[in-house]
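S.K.: Take this sequence and fold it.
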Amino acid sequence: MAIYTISFVTFALDLAKRSGDAQQAASAVAVPAAPVGSSGGTLRKGAGGGSTIVLDRADTVTGGADVPGASGGRRASKFERVATSLLVLGLLVHVASVVMRGVAAGRVPWANMFEFSLTGTAIIVGVYLVVKLFVDISYLGAYVTGLNLILLAIGTVNYYVAVSPLQPALQSAWLVIHVLVAILGTGFFAIAAGLSVAQLIQTKREQAKLANLRFMDTLPAADRLEDLAYRVALVGFVLWTFTLIAGAVWAERAWGRYWGWDTKEVWTFIIWVLYAGYIHARATRGWRGARSSWLSIIGFAAVMFNFSIVNVFFKGLHAYSGL
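M.R.: Predicted coordinates:
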């Protein structure tokens, strides 16, 4: 958590630097040079009394990867490089703690709330770094590290338990498959929610309703952020669909029925319906902009509600997950 904290602060400094760079670039573009030829320039007096043409080319914001305002064409700042390196270091330490917990327990380390928090937060960071290899989403660094710190703190302070034997219902290979895929799906949903929040802010800026937050000038345009959020959420939805099916199979093995309207089962299905509605509405009904973003955010809020409130306060056959 200490390493993640330093990484979070450094990512925040990178956002501040983005604001400064965007402001400087906007100021440079706002002062036009007198055009000379095709390149532009100014006419200055030479030392011998003659005139000398000096070409002045203003630095423009290379907004990025795909469209103006994206970040792919921007060179990573020193803060971003340091923050990403610290995030990788933090993940290595994090994964080591997950492995040691598993070794101590003699099983996979996600059989209770603490272990799920420990493994789930590592997966979120891992998903962020993997997606970042293909698409520049470095602007989500502060969001990912901040979310990670909050979830780790809650899991460590409120849910820590010593290693204990598995309950009979959990002594199954489905514990490895079902829960791991659910954690992976949660990681993708977390990244999609972050992109959706960024899209909402970017939309307000494009509508000239927000004059501050200049670092948003270095992010992709709102429609590009929406497309990225959709694609990431689609991967999470596929994983969550498998989670729902695997859970039903496991329930039949453990309790002799595929579906019993247990609280946890119901909320898992609600999450699936929310994301199915989000994907269907955007793909076939043409829902774009804020409406699709809010569906993505509400879906992830339901995932967090399922993980926290349902596991802890609702009674049912999955009550052991709150231990």
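S.K.: Now for the residue nearest the centre of the chain: which residues touch it?
M.R.: The geometric centre of the chain, computed from its C-alpha atoms, lies nearest to Ile191 (C-alpha atoms, centre = their mean), at 2.4 Å. Listed by C-beta atoms under 8 Å, 6 or more residues apart in numbering, the contact set of Ile191 reads 124, 127-128, 131, 137, 140, 144, 232. Bear in mind the C-beta positions are built from the backbone N, C-alpha and C, glycine included.
S.K.: Which one of those residues is nearest to Val157?
M.R.: Closest approach between the contacts of Ile191 and Val157, by C-beta to C-beta: Ile124, at 18.5 Å.
S.K.: returning to what we had before: please report the distance of the residue lying closest to the residue nearest to the centre of the chain once chain neighbours are set aside from Lys264.
M.R.: Take Ile191 and drop its neighbours on the chain: the residue closest to it by C-beta to C-beta, 6 or more residues apart in numbering is Val232, 5.1 Å away. Using C-beta to C-beta, to the nearest Å, we find Val232 at a distance of 25 Å from Lys264.
S.K.: who's more crowded, those two?
M.R.: Neighbour totals were compared for Val232 and Lys264, and Val232 leads with 25 against 17 (other C-beta atoms under 10 Å).
S.K.: State the helix or strand in which that one lies.
M.R.: Taking DSSP states H and E as the definition, one finds Val232 inside helix 222-255.
S.K.: which residues sit in contact with Ala193?
M.R.: 229, 296-297, 299-300 are the contacts of Ala193 under C-beta under 8 Å, 6+ apart.
S.K.: That one should be in a helix, yeah?
M.R.: Yes: Ala193 forms part of a helix when assessed by DSSP: H, G, I helix; E, B strand; the rest coil.
S.K.: where does Asp14 land in three-state SS?
M.R.: Of the three states, Asp14 takes helix under three-state DSSP.
S.K.: Run a quick neighbour tally on it.
M.R.: The tally of other residues near Asp14 (other C-beta under 10 Å) stands at 25.
S.K.: Could you do Ile201 as well?
M.R.: Neighbour count for Ile201, taken as other C-beta under 10 Å: 16.
S.K.: How far away from the center of its chain is stretch 117-129?
M.R.: Distance of stretch 117-129 from the chain centroid (C-alpha atoms, centre = their mean, to the nearest Å) equals 10 Å.
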